[in-house]
Every structure is written in C-alpha cells, then in structure tokens.
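In: pasting a predicted model and its sequence here:
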Amino acid sequence: MKQIENLVSSNVSSVRYDEDENTLLVKFTRKIGDTKPQYEYVYDNVKDEEFQILVEAKSIGKTIRQVIKGKTFRKLEVIPIPKTIVI
C-alpha cells in the first residue's frame, strides 16, 4: 500500500493507494467540534498513474476531485481508537 507522505491539505487528511486492488482510500478533514462519524472513502478502478498525479499535485483537494470524478466508491466508518488512561 502506498501513501502520500507529508500531506498538507485543508480538506484531505490522508490518501492511500492499494495497487493490488486498484483502490484509492481517502479520509477527508473534519471540522473542529464535528461529532458526526468520520468515514474513509474507497474509490475503485484507480490506476497507478492517477495516484502518481496526486503525489505530484500542488493542490490535493482540487486534483483529487478530478481523479475520483465518476468512480464508484463506498464509505467505511472510521472507528476511533480509545485513548488509554494510565493511573
């Protein structure tokens, strides 16, 4: 699985690419105080060349819209990991 390192975006918090499945996994940034569930979107039929376009993009948010336009997707709810409290 490939991942965009040092991602700087106000709209996208993570982008990963599974080259075996040709899927792009995108987690969008949540607003502070948002209590709704967070989702990771899984886009199908994404080519390696399309992922490379994202890696080289100056604006991930704008470019990602172009790459995923018209692709089928599914939403996976992100389950937060509880913080461990040490007493």
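Out: That came through, no problem.
In: all helices for this protein, in order.
Out: For the chain, the helices defined by DSSP state H occupy 48-56, 60-68.
In: and those: which comes nearest residue 30?
Out: Residue 30 lies closest to helix 60-68 among the helices of the chain, at 14.5 Å (C-beta to C-beta). Backbone N, C-alpha and C define where each C-beta goes, glycine included.
In: partners of the most centrally placed residue in the chain in the sheet?
Out: With distances taken as C-alpha atoms, centre = their mean, residue 26 lies nearest the centre of the chain, 1.5 Å away. Taking DSSP bridges as the rule, residue 26 bridges to residue 15, residue 41.
In: can I assume it is in contact with residue 11?
Out: No. Using C-beta atoms under 8 Å, residue 26 is not in contact with residue 11; the gap is 9.9 Å.
In: residue 41 contacts residue 71, doesn't it?
Out: No. Contact between residue 41 and residue 71 fails when scored by C-beta under 8 Å: they sit 9.9 Å apart.
In: now do the shared contacts for those two.
Out: Counting by C-beta atoms under 8 Å, 6 or more residues apart in numbering, no residue touches both residue 41 and residue 71.
In: about what we covered before: please report how far the residue nearest to the centre of the chain lies from residue 56.
Out: Going from residue 26 to residue 56 by C-beta to C-beta, to the nearest Å gives 17 Å.
In: thinking again about what came up before, what's the most buried one of the helices of the chain?
Out: Highest mean neighbour count among the helices of the chain (mean count of other C-beta atoms under 10 Å): helix 60-68, with a mean of 16.
In: average pLDDT for it?
Out: Averaging pLDDT along helix 60-68 yields 93.
In: what helices and strands are in contact with that helix?
Out: Judged by 3 or more C-beta pairs under 8 Å, 6 or more residues apart in numbering; DSSP states H and E, the packing partners of helix 60-68 are strand 12-18, strand 23-28, helix 48-56.
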